[in-house]
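[1] Make a model of this:
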Amino acid sequence: MARILIVDDSPSQLLGIKRIVEKLGHEPLTAEDGAAGVEVARREKPDLILMDVVMPNLNGFQATRTISKDADTAHIPIVLVTTKDQETDKVWGLRQGARAYVTKPIKEEELVATLKSLLPG
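    Residues are numbered from 1 along each chain as shown. As a prediction, this is how the structure comes out:
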């Protein structure tokens, strides 16, 4: 079982992603914005992070860059999960340190396949 941090400012999105994570037998951790996501990542060292992009305080691109450049958290794979579906957004997100990019509305099969490809075992 992996510990997966879900960072999203939308309560309904957070709940929907949390259900998918729990259905796969993983333990969800949550944060409501990028700044809180960075703090939880540093404190809890999750196995993977699902990061929204459009959020208050620190957006998902900034939070991803912060986490991926920090020696204590750089090993944690980050998946951007966002409504931003332009190719330039995807390229920018991957340049910030994300390992994968999933667009909303989330297709459960796509998210499950992405998680399986990035989690050990």
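
[2] what sits up against stretch 28-38?
    By CB atoms under 8 Å, 6 or more residues apart in numbering, the residues outside stretch 28-38 that reach it are 3-9, 14, 17-18, 21-22, 39-40, 44, 46, 49, 51, 55-60, 62-63, 66-67. The C-beta positions use only the backbone N, C-alpha and C, and glycine is treated the same way.

[3] Buried subset of those residues as a ChimeraX selection?
    Applying 16 or more other CB atoms under 10 Å to these, the buried members can be selected in ChimeraX as follows:
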select :4,5,6,7,8,9,14,17,18,21,40,46,49,51,55,58,59,60,62,63,66,67
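
[4] sec struct for the residue nearest the centre of the chain, please.
    Note on the chain: the residue nearest the mean C-alpha position is Leu50, at 1.5 Å, using CA atoms, centre = their mean. Assigned with DSSP: H, G, I helix; E, B strand; the rest coil, Leu50 falls in the strand class.

[5] That one bridge partners, please.
    Ile6, Val79 (DSSP bridges).

[6] Filter the contacts of stretch 28-38 down to just the ones in strands.
    Arg3, Ile4, Leu5, Ile6, Val7, Ile49, Met51 (DSSP state E).
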